[in-house]
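Novice: sequence isn't available, so here's the structure alone:
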């Protein structure tokens, strides 16, 4: 019997010829990631493993991105804890404010993950790197601490669900609309403990940024990982970003899938997830009655350059609606600079948006855009749980950058296909 | 090992944002985290929870963020066991790793009511609703996870074996 790409990567990492769904393995790790929320817990646990030092100072990334620039004294202390550990252990990939970006945009940009890698991160959206053909999954702080101590993690090999994509996305429709549609279709536990593998000729039409967005939200369907096959776009991306030599694995023709779902990309419409679960999807054009107070364009899901460009195409020559606050957050310093050089900031600021430094801030209700009671936000982030962006009686509507921008202009949830570009 | 206590009852898809909201994640102090446990879906939880009490919930308990602060807050608040139909995978491994007992049992998670007195025998997986007298049997853990649990969590397991 053949193996899937995920099974092949895990077999490689565990030093085994083959693995099968359900099998428990100890796998070698190529990268262990933590942020300013999860690392302090791991750093406190680390001495308990009885190891003098981390297993490999080059294979750990410490990315203080959630509450930075430090939002308050406690956050500053958490960051100081991470900084001190990075210094004492000579961690190569520690990123200070001014160089830091949102972790899941930053690691691929810095070439720190390559195809075929096995990666854990103490952040649930670590599944993002599946876009590069890597096995990558979110864990907690104790797993992170163990990973730093011995360079290994235990996994139950997941069964795979295959999403066979055909056709191409229409204008104004993005990878975000696709992944929201899929979560709407299978539910927030529709891929629980499983792999979401994206295959089919439609994959090749998706940009790398779209693939990052799609893999990023695999966790929102409960998946262990999301993964794409390596193609020319992947190889080009890895080369451009100076990643290590890729280890390329392909799913066998006779690999076993628990389920196969066929999706024609041209059938996907601008989609919005209403409160309070990502599975609660609606067509964007149904939202005219939903007046909004805030729009957030950014995050590990949609803070990349092409996301900002997509929002800017809608916002160019227009004004944010009265009574709406629009917050744009480039995910990394590199993206920030490129957006500035492309003139996107002129478009945003002239439209009445504010542009922030890279941070996870509002996505998890940290800071930089917290909602009051009764307020509604259309956001390009990934979760719309109760209280996620602020008050327990506030609401988050998840959408693509184009839908978020169109909604910011109209003051209600709006379909970018209807709003179009300003001629 | 056994647990016994009164039941706090929740529904499907209880996410880690409501177990411990991110606005409190600027600390990793266990007691402080526990003082805000469940507050966004059950503001009375912290006031009424007693050592040994049990959470019973539906599908996909602990979905969302990977924050280990969630099982830490639950454990520190005195909860002795969480019973659910299914757990989100990161919450599942975090609980095993830190030694918060969790059990998957669909029937128990559907039938046991808030306020019932429930006892759990971890060696047999038997859950007994002392209020109704009905017994349930939880799914057994695979041997590897059993050894993790018996070692007392991931840290002692790794220390012993690596």
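Specialist: Nice, thanks for sending it over. All of these numbers come straight from a predicted model, not from anything done at the bench.
Novice: what separation is there between residue B:121 and residue A:37?
Specialist: Distance of residue B:121 to residue A:37, computed by CB to CB, to the nearest Å: 36 Å. C-betas here are computed from N, CA, C, even on glycine.
Novice: more crowded one of the two?
Specialist: Neighbours were counted for residue B:121 and for residue A:37 using other CB atoms under 10 Å in any protein chain shown; residue A:37 has more, 30 against 15.
Novice: and the residue lying closest to residue B:112 once chain neighbours are set aside, its phi and psi?
Specialist: Closest residue in space to residue B:112, ignoring its immediate chain neighbours: residue B:56 at 4.8 Å, by CB to CB, 6 or more residues apart in numbering or on different chains. The phi/psi pair for residue B:56 (degrees, to the nearest 10) reads phi -120, psi 130.
Novice: name whatever forms a beta bridge with residue B:56.
Specialist: residue B:9, residue B:83 (DSSP bridges).
Novice: is the longest helix seen in chain A positioned near chain B?
Specialist: Using DSSP state H, we find that the single longest helix of chain A is helix A:73-88. Yes. Residues of helix A:73-88 contacting chain B under CB under 8 Å from any CB of the partner chain: A:74-75, A:78.
Novice: who's in contact with that helix?
Specialist: The contact list for helix A:73-88 (CB atoms under 8 Å, 6 or more residues apart in numbering or on different chains) reads A:34, A:36-37, A:39-40, A:43, A:46, A:62, A:64, A:67-68, A:70, A:91, A:94, A:96, B:26-28.
Novice: which of those residues fall within strands?
Specialist: Those of the contacts of helix A:73-88 mapping onto strands are A:34, A:62, A:94, per DSSP state E.
Novice: check contacts around the second one.
Specialist: Read that as residue A:62. So residue A:62 contacts A:33-35, A:39, A:82, A:85-86, A:91, A:93-95 (CB under 8 Å, 6+ apart).
Novice: distance to residue B:68, pLDDT and neighbour count added to those, as CSV?
Specialist: CSV is the format used below for the contacts of residue A:62 (distance: CB to CB, whole Å; pLDDT from 0 to 100; neighbours: other CB atoms under 10 Å in any protein chain shown):
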residue, distance to residue B:68, pLDDT, neighbour count
A:33, 14, 98, 31
A:34, 11, 98, 30
A:35, 12, 98, 27
A:39, 11, 98, 31
A:82, 15, 98, 24
A:85, 17, 98, 22
A:86, 20, 98, 22
A:91, 20, 98, 21
A:93, 22, 98, 18
A:94, 21, 98, 21
A:95, 22, 98, 22
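Novice: and of these, the nearest to residue A:360?
Specialist: Of all the contacts of residue A:62, residue A:360 sits closest to residue A:35, with 7.8 Å by CB to CB.
Novice: that closest one bridge partners, please.
Specialist: Going by DSSP bridges, residue A:35 forms beta bridges with residue A:63.
Novice: separation between residue A:284 and residue A:415?
Specialist: In terms of CB to CB, residue A:284 sits 4 Å off from residue A:415.
Novice: who touches both of these two?
Specialist: Common neighbours of residue A:284 and residue A:415 (CB under 8 Å, 6+ apart) are A:269-270, A:403, A:406.
Novice: quick one: which of the residues you listed has the most company?
Specialist: Highest count within those by other CB under 10 Å belongs to residue A:403, 35 neighbours.
Novice: residue contacts, that one?
Specialist: A:177, A:270-272, A:284, A:378, A:413-416.
Novice: hang on, residue A:370 packs against residue A:396?
Specialist: No. Counting by CB atoms under 8 Å, residue A:370 stays clear of residue A:396, with 11.5 Å between them.
Novice: between the two, which has more neighbouring residues?
Specialist: residue A:396 (31 against 17).
Novice: phi, psi of the more buried one?
Specialist: phi -120, psi 130.
Novice: and it, what does it touch?
Specialist: Here residue A:396 is in contact with A:275, A:371, A:376-377, A:379, A:381, A:383-385, A:388-389 (CB under 8 Å, 6+ apart).
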